[in-house]
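[1] missing the sequence, but the structure's below:
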Ligand SMILES: Cc1cc2nc3c(=O)[nH]c(=O)nc-3n(C[C@H](O)[C@H](O)[C@H](O)COP(=O)(O)OP(=O)(O)OC[C@H]3O[C@@H](n4cnc5c(N)ncnc54)[C@H](O)[C@@H]3O)c2cc1C
Ligand code: SF4
């Protein structure tokens, strides 16, 4: 590697989500002499961003003064807020839990917000590199994090350099800020390496799927927000749906399921599609068209699972750390807030030391602490969970206990003993017909001839053990249909359709043998979401 | 041989991985949040120009685009790929191939390139006219759909992909070439080159400054292709026979 192939910055941010961009923008605004760069694996800014998103706007006001007058592609004030429990055939309105009140909040597209933040950061002098994924940490002599290696481009499937091979560069930095979002691959390596999760509760996750629709005129009530629990999920499964009415006859619909579910035959994709066919919703969609669709995991461990946020040479911000507020199902304001706080901390202290305590004692840290017991309460089922949530909310979290989580990959029960739930699913009429049609709406780009980025430690075990015990749940939990068991003359084996991967990271979390590791494919691979 | 310049023309288009949709009022293509890229054939054009320069057969590669202000990001990526300088002719509206050909012709007269390389067509409107129109205005030879290119002594040998196979032609320079997919595979952009590209000269000119007054096409309407009825999956031959009977085919 020649000198010209090495890059060096004062601060290097991994991931151009709200957390990373808020951090980079604040650094450059407050201290313009710092050199700041951001690496993003998506081919363009916002292309891997998927969220609800009803957001609390205070940090956006601070970062992007005047944004309210120059609307993003999707930007609608919340006008109405509903919460409902669905039965198979009906919807019952419940009082909206206090955390889910959305007066003063906005429905936006996270992708559009990210593009706007990126433009602001670039004009402040931040160097942003879309299409480049950070794959490995670099160390200094003392063992501190000293930057990252960017992934190679142009390797063949077997791993050999292809005709256009372009080796990844080393990017060195005084401080590396990890802002990879939920289940960041590099963040995980570093959390393990430095033992940042020692003494913390295990992390837990959920999987969210979403579609953006263009509907026939007159069906939407712009700004209307609906959250649901209940059907098609059984009460022991934590999750629910969201329906956000946008302007210009557009509508966002999504479904989130806790990845601590037990039934190996459960399919999050099917549950989402069923949700759309509830009699109270299905009529909205007939004659409409899906503009974009995709899936992404959410991090739900909250305060008890929050790792130590600092390490020698680096910091964790946003959902790479796990700052999402679960009862509110809001992570954008926390991501922005933690990014800004990290920037100010670096400027004041010159390094990461002390950031963990700084964050925990901030308003955002206290916000997370107050709601720490609400999500774990739902492990006892929907109704106990709701009751526990009410107690925790009334007491402001000042109860003398902290409930803990368990690892999601451990929660699956073997196929035999669990009685097959009676699901009463409906015959579907709305698109997408199947997961292939679903990923088609994610506008995927993925060079087929590159090493498979879903690394399975022991593929033989999939057919020798998992098939019999769990029936290969990866073939159902992956929202993109990446995993298939194929049987041919040579017997059964796991086939990985890596080019369909939408980078949600569910397989890295849920596979019951912890065999699957998601690593970044070639920079620029993956979905190209339009305003999700 | 006198030092030769190459002009490459490139267009900002909806990325090929995106399924193109109409706006709800059907007056145009929906572009909200949609990924935009350099037309892939134009990347091939630039790659070929860079290889010629790297072989020492040309001294400078200029890349030009006619497009909206946002097309700056596409021209920056072409500079990062290796073009020496860029010209961005800015306009807020759609331009027709004839208009672009006239703009390019003016640039050709200013720059005096030995070769102009363009994509064989843009993947958005698939017109495939800009190159040939430029050659006609300039009154120089052209080779379209080129999959192999060799330069020697003031001439260029080009292998063309045509309906009945391959055709080899030889043109006297200066000439116009349009590229086929098979010509080459464009290189990846390197991070350090993105930074260097920020320092490279990029000249912006208003489209209106060219004072073109050409007949313009008006678009009456955009329509999506008619939807195909979904196929049926049948369980048995017997079922097939029944179905065909039902439809009165048998
Ligand atoms: C279905 C769903 C609904 C949600 N609804 C809401 C809501 O209504 N309101 C709300 O406030 N929040 C909501 N959230 C949560 C919110 O989206 C997240 O909390 C927030 O996006 C976290 O921001 P972040 O910057 O930490 O991470 P992200 O937004 O995930 O951004 C991380 C970025 O880093 C990039 N990246 C990752 N790894 C690498 C690497 N190795 N190299 C280079 N780049 C990398 C990714 O491509 C991505 O662009 C929702 C989330 C989901 C999935
Ligand atoms: S392969 Fe894994 S990361 Fe990719 S879409 Fe499927 S579950 Fe998500």
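    Sure thing, it's come through. As the structure is a prediction and not an experimental result, all values here were calculated from the model. Numbering: from 1, shown residues only, chains lettered A, B, ... in the order given. Ligands and ions are numbered 1, 2, ... in the order given.
[2] please name the nearest non-neighbouring residue to residue 45.
    I'll assume chain A. Closest residue to residue A:45 apart from its sequence neighbours, by CB to CB, 6 or more residues apart in numbering or on different chains: residue A:118 at 4.2 Å. In short, each C-beta sits where N, CA and C put it, glycine included.
[3] nope, chain B
    residue B:117 (4.1 Å).
[4] three-state assignment of that neighbour?
    Recorded secondary structure, residue B:117: strand (DSSP: H, G, I helix; E, B strand; the rest coil).
[5] spit out the contact partners of it.
    Shown in contact with residue B:117 (CB atoms under 8 Å, 6 or more residues apart in numbering or on different chains): B:6-9, B:45-46, B:48-49, B:176-179.
[6] in those residues, find the pair that's most separated.
    Pairwise distances across the contacts of residue B:117 peak at 15.2 Å for B:46 and B:176 (criterion: CB to CB).
[7] contacts for the helix or strand hosting the residue nearest to residue A:45?
    According to DSSP states H and E, residue A:118 maps onto helix A:110-123. Under the contact criterion CB under 8 Å, 6+ apart, helix A:110-123 has outside partners A:16-18, A:21-22, A:24-25, A:28, A:38, A:45-47, A:49-53, A:55, A:60, A:63-64, A:67, A:72-75, A:128, A:332, A:529-532, B:33.
[8] helices or strands next to the lengthiest helix in chain A in the packing?
    Secondary structure of chain A per DSSP state H: the longest helix is helix A:332-349. Applying 3 or more CB pairs under 8 Å, 6 or more residues apart in numbering or on different chains; DSSP states H and E, one finds that helix A:332-349 contacts helix A:18-30, helix A:58-63, strand A:170-178, strand A:314-316, helix A:355-360, helix A:363-370.
[9] also compute the angle for it relative to strand A:170-178, please.
    Between the axes of helix A:332-349 and strand A:170-178, defined by axes from the mean of the first three to the mean of the last three CA atoms, to 10 degrees, the angle is 120 degrees.
[10] the strand or helix carrying residue A:136 close to chain B?
    Assigned by DSSP H and E, residue A:136 falls within strand A:134-139. No: on the criterion CB under 8 Å from any CB of the partner chain, strand A:134-139 is out of touch with chain B, staying 11.5 Å away.
[11] what's that strand packed up against?
    strand A:145-150, strand A:170-178, helix A:185-193.
[12] now do 6 Å
    In this structure, strand A:134-139 packs against strand A:145-150, with contacts taken as 3 or more CB pairs under 6 Å, 6 or more residues apart in numbering or on different chains; DSSP states H and E.
[13] so what strands line up beside whatever helix or strand comes next after the strand it packs on?
    Note on strand A:145-150: by DSSP H and E, the next helix or strand toward the C-terminus is strand A:153-155. Here strand A:153-155 is paired, per DSSP bridges, with strand A:161-166 (antiparallel).
[14] quick one: buried residues of the strand it pairs with?
    Of all the residues in strand A:161-166, those buried under the rule 16 or more other CB atoms under 10 Å in any protein chain shown are A:162, A:166.
[15] try stretch A:329-347
    Result for stretch A:329-347 [16+ other CB under 10 Å]: buried residues A:329-346.
[16] contacts for the strand with the most length in chain B?
    As assigned by DSSP state E, the longest strand anywhere in chain B is strand B:142-152. For strand B:142-152, the external contacting residues (CB atoms under 6 Å, 6 or more residues apart in numbering or on different chains) are B:57, B:120, B:135, B:157-161, B:169, B:171, B:176-180, B:182-183.
[17] also stretch B:90-100?
    Residues contacting stretch B:90-100 (CB under 6 Å, 6+ apart): B:66, B:69, B:127, B:129-130, B:133, B:204, B:206-207, B:212, B:214, B:217.
[18] please, where are all the strands along chain B?
    Using DSSP E, strands in chain B cover B:5-9, B:12-14, B:36-38, B:60-67, B:85-90, B:115-119, B:142-152, B:155-162, B:165-172, B:175-179, B:202-206.
[19] by how many degrees do the first one and strand B:115-119 diverge?
    In terms of direction (the same axes, to 10 degrees), strand B:5-9 departs from strand B:115-119 by 20 degrees.
[20] quick one: strand B:5-9 to strand B:175-179, angle?
    For strand B:5-9 against strand B:175-179, the angle by the same axes, to 10 degrees is 40 degrees.
[21] show me the contacts for whatever residue of chain B ends up closest to chain A.
    Per CB to the nearest CB, the residue of chain B with the smallest distance to chain A is residue B:33, at 3.6 Å. Neighbouring residues of residue B:33 by CB under 6 Å, 6+ apart: A:73, A:111, A:530-531.
[22] got those as CSV, with pLDDT and distance to residue A:236 columns?
    Rendered in CSV, the data for the contacts of residue B:33 read as follows (pLDDT from 0 to 100; distance: CB to CB, whole Å):
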residue, pLDDT, distance to residue A:236
A:73, 95, 39
A:111, 97, 34
A:530, 94, 36
A:531, 95, 35
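[23] tell me which of the residues you listed is nearest to residue A:392?
    Using CB to CB, the contacts of residue B:33 come closest to residue A:392 at residue A:111, 33.1 Å.
[24] nearest spatial neighbour of that closest one, skipping sequence neighbours?
    Nearest one to residue A:111, counting by CB to CB, 6+ apart, is residue A:46 at 3.4 Å.
[25] what stretches of the chain score poorly on pLDDT?
    Unless you meant another one, I'm taking chain A. Where chain A drops to pLDDT under 70, the residues are A:1-5, A:417-422.
[26] nope, chain B
    Applying pLDDT under 70 to chain B flags the ranges B:1-2.
[27] quick check, the residue in it closest to ligand 2?
    For chain B and ligand 2, the shortest gap (CB to the nearest ligand atom) falls at residue B:17, measuring 16.0 Å.
[28] quick one, helices of chain B?
    Ranges of helices within chain B are B:40-54, B:72-81, B:97-111, B:130-138, B:191-197, B:237-246, based on DSSP H.
[29] and the third one, how far out from the chain's middle?
    The reference is to helix B:97-111. Relative to the centre of its chain, helix B:97-111 is centred 15 Å away, using CA atoms, centre = their mean, to the nearest Å.
[30] tell me what angle that helix forms with strand B:202-206.
    Helix B:97-111 and strand B:202-206 meet at an angle of 130 degrees, taking the same axes, to 10 degrees as the criterion.
[31] what's the angle between helix B:97-111 and strand B:60-67?
    On the basis of the same axes, to 10 degrees, helix B:97-111 is oriented at 150 degrees to strand B:60-67.
[32] the strand holding residue A:136 pairs with which strands, and in what direction?
    Using DSSP bridges, the strands paired with strand A:134-139 are strand A:145-150 (antiparallel).
[33] what's in contact with the partner strand?
    Contacts to strand A:145-150, defined as CB under 6 Å, 6+ apart, come from residues A:12, A:132, A:134-140, A:168-173, A:176, A:313-314.
[34] just the buried members of these?
    Among the contacts of strand A:145-150, the ones that count as buried by 16+ other CB under 10 Å are A:12, A:132, A:134-138, A:168-173, A:176, A:313-314.
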